[in-house]
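Colleague: sequence unknown, structure follows:
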């Protein structure tokens, strides 16, 4: 699993950063709009995917202080997760999260229009679009790989196309 912070961005809701986590195998993306980028919010963020999907064997992160600190190290130790650091100034090390970041950015740019401060309101929609898009490396959508079923799209439900 890869982790990365992006920001600061202005937001109507006071959020300035996006914390992105990507599962290496399924390409499943978790992202959250956050007001700060400190160790406390990272550790709190991790509890949700850990509770839903279990703990990963390892987490690869950049060398930011929000990942390289005692609090984060204690959480990794508690859950038995190995923390690996990406090579500095070598974005290929965290290539999967970089690809996901570009994809989320593209989706957000298309959905927010001129009101850039509304990005945090559109993040869940962008994640849904990203999770239900076909990925060639896995031969299906991340949603199908994780949940072992196709995701019914709102238009399908509206027109009973399933």
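Modeller: Perfect, thanks for sending it. Keep in mind the model is a prediction, meaning the values are calculated, not measured.
Colleague: And the strands in the protein, which stretches?
Modeller: 2-6, 17-22, 29-34, 58-61, 82-85 (DSSP state E).
Colleague: how many other residues sit next to residue 115?
Modeller: Per other Cβ atoms under 10 Å, the neighbour tally for residue 115 reads 10. Yep, even glycine has a C-beta here, placed from its N, CA and C like the rest.
Colleague: Sorry, slip of the keys, the one I care about is residue 105.
Modeller: 14.
Colleague: ok, and the closest non-adjacent residue to residue 68?
Modeller: residue 85 (7.3 Å; Cβ to Cβ, 6 or more residues apart in numbering).
Colleague: tell me the contacts of the one you found?
Modeller: If you count contacts by Cβ atoms under 8 Å, 6 or more residues apart in numbering, residue 85 has them with 60, 61, 62, 63, 67, 68.
Colleague: Next: residue 14.
Modeller: residue 35.
Colleague: what's the spacing between it and residue 64?
Modeller: Between residue 14 and residue 64 the distance, using Cβ to Cβ, to the nearest Å, works out to 21 Å.
Colleague: ok, back up a step: closest one of the contacts of residue 85 to residue 135?
Modeller: If you rank those by distance to residue 135 using Cβ to Cβ, residue 60 comes first, at 19.1 Å.
Colleague: The closest one contacts residue 84, correct?
Modeller: Yes - contact criterion Cβ atoms under 8 Å: residue 60 and residue 84 qualify, at 4.7 Å.
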